[in-house]
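Peer 1: the sequence and its predicted three-dimensional model are supplied below.
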Amino acid sequence: MVDQDQHWLLNCLNATLDTNQQVRSFAETSLNQASVQPGFGSALCRIAGNRELPLGARQISFSAVLLKQFVKKHWQENEENFEHPVVSIQEKETIRSLLLLSLDDNHKKICTAISMAVASVAHYDWPEDWPDLLPFLLKLINDQTNLNAVNGALRCLALLSSDLDDTVAPTLVPVLFPCLYTIVSSPQVYDKQLRARALSIIYSCTSMLGVMSGVYKAETSALLLPMLKPWMDQFSSILDIPVQPEDPDDWSIRMEVLKCLNQFVQNFPGLIESQFMGIMGPIWQTFVSSLRVYERSALEGLDDSYDGRYDSDGAEKSLESFIIQLFEFLLTIVGSPRFVKILGNNISELVYYTIAFLQMTEQQVHTWSLDANQYVADEDENTYSCRVSGSLLLEEIISSCGTEGIHAIVEAARKRFVESQQEKASGSSGWWRMREANLLALTSLSEQEISLLPGCTLGNLLEQILSEDMATGVHEYPFLYARMFSTVANFSTVINNDIVEQFLYAAIKTIGLDVPPPVKVGACRALTQLLPDANIVTILPHFVNLFSSLIDLLKQASDETMHLVLETLQAGVEAGHESTEFSSIEPLISPVILGMWALHVSDPFVSIDALEILEAIKNAPGCIHPLVSRILPYIGPILNRPQQQPDGLVAGSLDLVAMLLKNAPSDVVKAVYDVSFDPVVRIVLQSDDHSEMQNATQCLAAFLYCGKEDLLSWGGDPVFTMKSLLDVASRLLNPDLESSGSLFVASYILQLILHLPSQMAQHIRDLVAALVRRMQSCQIAGLKSSLILIFARLVHISVPQVEQFIDLMISVPVEGHYNAFAYVMSEWSKQQGEIQGAYQIIVTTTALALLLSTRHANLEIVNVQGHLIKSTSGITTRSKAKLAPDQWTIMPLPAKILAILADTLIEMREQFVAGADEDDEWEEVEAEDTETNQNMLYSAGANISGRVKNSYLESMAKSFDEDQDDGFEDELLSSADPLNKINLTSYLVDFIVKFSHSDKPYFDHLCQSLTQPQVKALELVLSR
């Protein structure tokens, strides 16, 4: 029966689907107004649960804008999306009851919608305000007479299990797992869909237990141990049956089994190890039998692979998704030192079968033949496919098994090559697929050290394959040709040089031929890798034709292929720019690349590629002046009239200016200055576009770096130029400017104080005040770190009067703090661990040491954030984080500085030993962590106890420097600064020794505030 209110609500719901827009709008407005009335939520539930109503009306009531949004907006006060009024306690009880009674609906879409609504309510109410939810669901899943109820309950539990925490899981698992086991182990009662859904809940719960095991190792192990053997037996029985064709339910249940096993292997290896040998046979059965199903479906197109289809829960049900999950599990096994041993002699067989999965599918051949961009994207970006998953497994086999894995791949490839020869001889049209897959498999070896490769064997095999396949038709087998080109490029060091040169010339020629696009893609890939090492004398005569062909290809390219062609052009330019004859080619390339850059300036990928080519041309002998004369007339008007330019062109033009200035001779710097300096200054002062401001700031830093003090006189009025530079600093340090606009202010300010020291000396106090104001309003951590770098550099500049600089900072008032020094040091001490870059770490760390060495009285007065107080309440959930945010100790500044210096030594030592073998099994790491730490520290101490020129310290310093990734901005910062030559390890060791000896009682007093690892690191330094 439908009462009057429900009848009105039904009419409104139906009207939301009306073709008339006015009718729809009126209905939606009416529903919004009704949603704040008491009883609206329960009315929606009654309609959804009324099985006498049409399915469409019931579905509308559960659409995203209705019940789900109703719960989100009105269920819980103080939530982010809450809107008044809050649902009454009585109506909440009614809604919860109605939802549970509707879970056994026989319409899957309605059942799914109700389950989602239950999960939405449970997010707020369960378990505290809805204690009967779990008992009710368990009752439903145990009712074998009502499979609709089982289905609804499982859907609910699947959603709930993904949001468990450490308070619910320990009580839920012992009750829930036996019920789920009954379902999974009863194929005569429950279909594969229900059993797969039960397994998905096992997976979610096991994932949560895996997270908990980091804190509650013994408890989680005790929970799982009694259930492990029965579950492993069930997993075996499911996997032991050969994979069935055209049966997505079979694939789905196997997927869930593999996901569960993956969790066990990753999080509970000690528990599962004894059971694992028994399940390897069924896993192998699934792996081997899936290949024939895959070949018939994906390669031969004889069976349906269910690609692109999903079940009622939105999960993909294709054959490929199952096989990818299978590879993911095998990847976990092979990547585990513990479990890869169990594979033992089966590695060769694993590789052999894996190669077959690398074959191109019918769909891939069709798609890639029509769309070269898709071919490039899928090959370069490791998209979701069996082909990619198989390749990743082969790489992991090499990583885990070393030379054994390498030999396994070579021998398996040899077998597959012989088989493909037989296929070809028998007239099979698909023989080339295995040949191409073979070469792709061998590519997994290309990143290995040459000394590890079975040179003669691998080289002979590759030469045999390449020599035979070169005779095939390029139009008939374009993908095989493409793979041959990239293979030669990858293995040029182990293949006969004559074959490499033959393919190099073939690639140069292919670019200009009328061949299928995939072949040109392969040729470009080969040239990108082969040209840098090619004999310039022999290929120079071909350069004009090559560049002409590449430019023609560039005009036809788009998206991914454009990126590839630009990469090839860059490789060609860099290969040829050592030749004095290259300048004759510059007029051919530069105008096209400059035009390409201008056309795609708003596309960062294309514009960056084009910019790199222009930079490579600039660096070629005899090319910089013609290139500059070509670029400056173009960018001058753009920079002078920035408001009239399309989006991105001004910022891009500033990138061009910075590129021209990089490592340029003084006459070029002066020419660029004449055209662009004043416009760049105006852009910083007037623009509101943050990209333009950032790039303009970098340009001005580059001008200062290149021009130094001479720059002041280039404009004719040094006083006005200096004022302009200070105006720029003032704008960039304006606290009201959004942080993004100031992002590169540090490199600019540092160039000012490094290259114009006498001019800046009188402005230091004002600079300190401006830096503090900018730091206070800063919203970007990277910007704050860069501002700290300026303070650190000012500390160094003040040597030997560091105390005077401290006094200067103390004299600068700061709102909300004692003074600038107290504020800056509180921020600096918090931010030091986040500072990136070798130069930045050297400057800031040594500056802290200088501050500490002064023993200035105000250091003791400043208290800063100390150590994080670790929570003892288990895993931090969202609710716990809200109730109990992180808490920190407070410590005196001198002790904090000493702690930072100790942490720096520890970090450098850790980087030095980072190449050591590591066991990534959680439970093993936990047991061995303390002992390993001590061993490594003693090892470090044994070496530190020698002189600071000791090779260990030098290696530590080298490891530290190599770990940093410095770009052009860092080059501007560091290359002209003598501080960059400091050996930080030696500096810290010497400083700690001298500081401790200068006042041992004070040093010991500071150490009382340090952690045990920090104290140990300092003791090891002093133990020499």
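Peer 2: Everything's here; your move.

Peer 1: contacts and neighbour counts: CA atoms only from here.
Peer 2: OK.

Peer 1: list the contacts for H690?
Peer 2: Neighbour list for H690: 740-741 [criterion: CA atoms under 8 Å, 6 or more residues apart in numbering].

Peer 1: please report how far it lies from R682.
Peer 2: To R682, H690 is 14 Å away according to CA to CA, to the nearest Å.

Peer 1: ok, Q364 next?
Peer 2: Q364 is 53 Å from R682, by CA to CA.

Peer 1: just V802 next, same as before
Peer 2: Distance from V802 to R682, by CA to CA: 36 Å.

Peer 1: who's more crowded, those two?
Peer 2: Shown here are V802 and R682; by other CA atoms under 10 Å, V802 has more neighbours (20 against 17).

Peer 1: isn't that one right up against R855?
Peer 2: No. V802 is not in contact with R855 according to CA atoms under 8 Å; the separation is 10.5 Å.

Peer 1: which helix or which strand is home to V864?
Peer 2: Using DSSP states H and E, V864 sits in strand 863-869.

Peer 1: so which residues make contact with that strand?
Peer 2: Contacts to strand 863-869, defined as CA under 8 Å, 6+ apart, come from residues 825-826, 829-830, 886-893, 896.

Peer 1: please redo it, this time with the cut-off set to 7 Å
Peer 2: Contact with strand 863-869 is made by 826, 830, 887-893, 896, as judged by CA atoms under 7 Å, 6 or more residues apart in numbering.

Peer 1: just the buried subset of those residues, please.
Peer 2: When the contacts of strand 863-869 are checked for burial by 16 or more other CA atoms under 10 Å, the buried set is 826, 891-893, 896.

Peer 1: so which of the residues you listed are in helices?
Peer 2: Per DSSP state H, helices hold the following members of these: 826, 893, 896.

Peer 1: ignoring the adjacent residues along the chain, who's closest to the last one?
Peer 2: In this structure, K896 finds its nearest non-sequential neighbour in G866, 6.7 Å apart by CA to CA, 6 or more residues apart in numbering.

Peer 1: E860 versus that neighbour, what's the distance?
Peer 2: Distance check for G866 against E860: by CA to CA, it reads 14 Å.

Peer 1: how about T220?
Peer 2: T220 is 47 Å from E860, by CA to CA.

Peer 1: equivalent analysis for I397, please.
Peer 2: Distance of I397 to E860, given as CA to CA: 57 Å.

Peer 1: which one's more surrounded, the two?
Peer 2: More neighbours surround I397 than the other of I397 and E860, with 27 against 13 (other CA under 10 Å).

Peer 1: quick one, phi/psi of that one?
Peer 2: Phi and psi for I397, reported as degrees, to the nearest 10, are phi -60, psi -40.

Peer 1: just checking, it touches G405?
Peer 2: Yes. In terms of CA atoms under 7 Å, I397 counts as a neighbour of G405; the distance is 5.5 Å.

Peer 1: number of nearby residues for the closest residue in space to C386 that isn't next to it in sequence?
Peer 2: Sequence neighbours aside, I324 is the residue nearest to C386 in space, at 5.5 Å (criterion: CA to CA, 6+ apart). Using other CA under 10 Å, the number of residues around I324 comes to 19.

Peer 1: for I324, what are its contacts?
Peer 2: So I324 contacts 385-386, 389 (CA under 7 Å, 6+ apart).

Peer 1: any idea how far S221 lies from P170?
Peer 2: Distance from S221 to P170, counting by CA to CA: 11 Å.

Peer 1: E362 now?
Peer 2: 48 Å.

Peer 1: neighbour count winner among these two?
Peer 2: P170 (17 against 13).

Peer 1: work out for me the element that one sits within.
Peer 2: helix 169-184.

Peer 1: mean confidence for whichever helix or strand comes after that helix?
Peer 2: Note on helix 169-184: by DSSP H and E, the next helix or strand toward the C-terminus is helix 192-212. Taken as a whole, helix 192-212 carries a mean pLDDT of 92.

Peer 1: and whatever helix or strand comes next after helix 192-212, what's buried?
Peer 2: As assigned by DSSP H and E, the chain's next helix or strand after helix 192-212 is helix 217-239. Buried positions in helix 217-239, judged by neighbour count with 16+ other CA under 10 Å: 217, 220-221, 223-224, 231-232, 234-236, 238-239.

Peer 1: check these against L661 and report the nearest one.
Peer 2: Nearest to L661, judged by CA to CA, of the buried residues of helix 217-239 is K217 at 58.2 Å.

Peer 1: distance of that closest one relative to G301?
Peer 2: 48 Å.

Peer 1: pLDDT score assigned to the nearest residue to F605 once chain neighbours are set aside?
Peer 2: With CA to CA, 6+ apart as the criterion, F605 has its nearest non-adjacent residue at 7.4 Å, and that residue is H563. In this prediction, H563 carries a pLDDT score of 92.

Peer 1: next, count neighbours for H563.
Peer 2: There are 21 residues near H563, going by other CA under 10 Å.

Peer 1: pretty sure it sits against P604.
Peer 2: No. The pair H563 and P604 fails to qualify as a contact (CA under 7 Å) at a distance of 10.9 Å.

Peer 1: tally up the residues packed near R773, please.
Peer 2: Around R773 there are 18 other residues, counting by other CA under 10 Å.

Peer 1: now name the helix or strand holding it.
Peer 2: Under the criterion of DSSP H and E, R773 resides in helix 764-777.

Peer 1: the next helix or strand after that helix: how far from the chain's middle?
Peer 2: Next helix or strand after helix 764-777 toward the C-terminus (DSSP H and E): helix 781-797. Offset of helix 781-797 from its chain centre (CA atoms, centre = their mean, to the nearest Å): 28 Å.

Peer 1: for the helix or strand following helix 781-797, which positions count as buried?
Peer 2: Note on helix 781-797: by DSSP H and E, the next helix or strand toward the C-terminus is helix 802-810. Residues of helix 802-810 classed as buried: 802-803, 805-806, 809-810 (neighbour count, 16+ other CA under 10 Å).

Peer 1: what is helix 802-810 packed up against?
Peer 2: helix 820-831 (3 or more CA pairs under 7 Å, 6 or more residues apart in numbering; DSSP states H and E).

Peer 1: F339 touches I333, doesn't it?
Peer 2: Yes. F339 lies in contact with I333 (CA under 7 Å); the separation is 5.5 Å.

Peer 1: the more surrounded of those two?
Peer 2: Neighbours were counted for F339 and for I333 using other CA under 10 Å; I333 has more, 22 against 17.

Peer 1: so how far is L154 from the more buried one?
Peer 2: Distance from I333 to L154, by CA to CA: 30 Å.

Peer 1: same thing with D125?
Peer 2: Per CA to CA, D125 is found 19 Å from L154.

Peer 1: looking at these two, which is more packed in?
Peer 2: Shown here are D125 and L154; by other CA under 10 Å, L154 has more neighbours (26 against 17).

Peer 1: understood, closing this out.
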